[in-house]
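Visitor: only the shape, not the letters, is given here:
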């Protein structure tokens with residue numbers, strides 16, 4: 001059963017349901033043995049555990065993973081071993097991720113011809129500055145579909 005490690009924690013820990021070894025650079029879809037029914041108007045977000053990322057290079061490929069309210073299957077986590085040399089051994093019951101449940105605004109989209117002007121405009125990636133490397137990298141980034 002997913003549980004909070006400490007009172008007041010936003011997320012509950014998700015554990016692996018099986019033993020698994022993840023080789024360097026390998027991705028593995030790992031079952032948690034947990035299925036749930038989230039209320040309409042909420043979403044489950046699966047986040048990496050910071051300690052695993054810092055100590056062993058274990059992270060989640062699509063982070064955060066999204067669990068929609070209508071999903072009823074087992075929560076599975078796509079883990080990746082970022083360590084270039086060491087395999088990561090996980091045993092059944094090891095905590096591998098955190099699940100945070102949040103309310104979401106369910107919006108309807110309307111097609112329009114124009115958008116309101118803002119001071120930011122169309123500036124996106126790196127637009128707030130603060131890192132010299134962003135300006136250099138921007139010239140090397142290919143934009144697809146523009």
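Guide: Yes, it's here. Being a predicted model, the structure only gives us computed values, none of them experimental.
Visitor: can you give me the buried ones in stretch 47-62?
Guide: 47, 48, 49, 52, 56, 57, 58, 59, 60 (16 or more other C-beta atoms under 10 Å). Placement of C-beta: from N, CA and C, glycine included.
Visitor: same check on stretch 85-100?
Guide: Buried residues in stretch 85-100 (16+ other C-beta under 10 Å): 88, 90, 94, 95, 96, 97, 98, 99.
Visitor: now, which of those sits nearest residue 108?
Guide: residue 99 (27.6 Å; C-beta to C-beta).
Visitor: how about residue 53, secondary structure?
Guide: At residue 53 the chain is in helix, as set by DSSP: H, G, I helix; E, B strand; the rest coil.
Visitor: can you tell me how far the closest residue to residue 61 other than its chain neighbours is from residue 45?
Guide: Among residues not flanking residue 61 along the chain, residue 78 sits closest, at 4.3 Å (C-beta to C-beta, 6 or more residues apart in numbering). Distance of residue 78 to residue 45, given as C-beta to C-beta, to the nearest Å: 14 Å.
Visitor: one more: residue 20?
Guide: As judged by C-beta to C-beta, residue 20 and residue 45 stand 23 Å apart.
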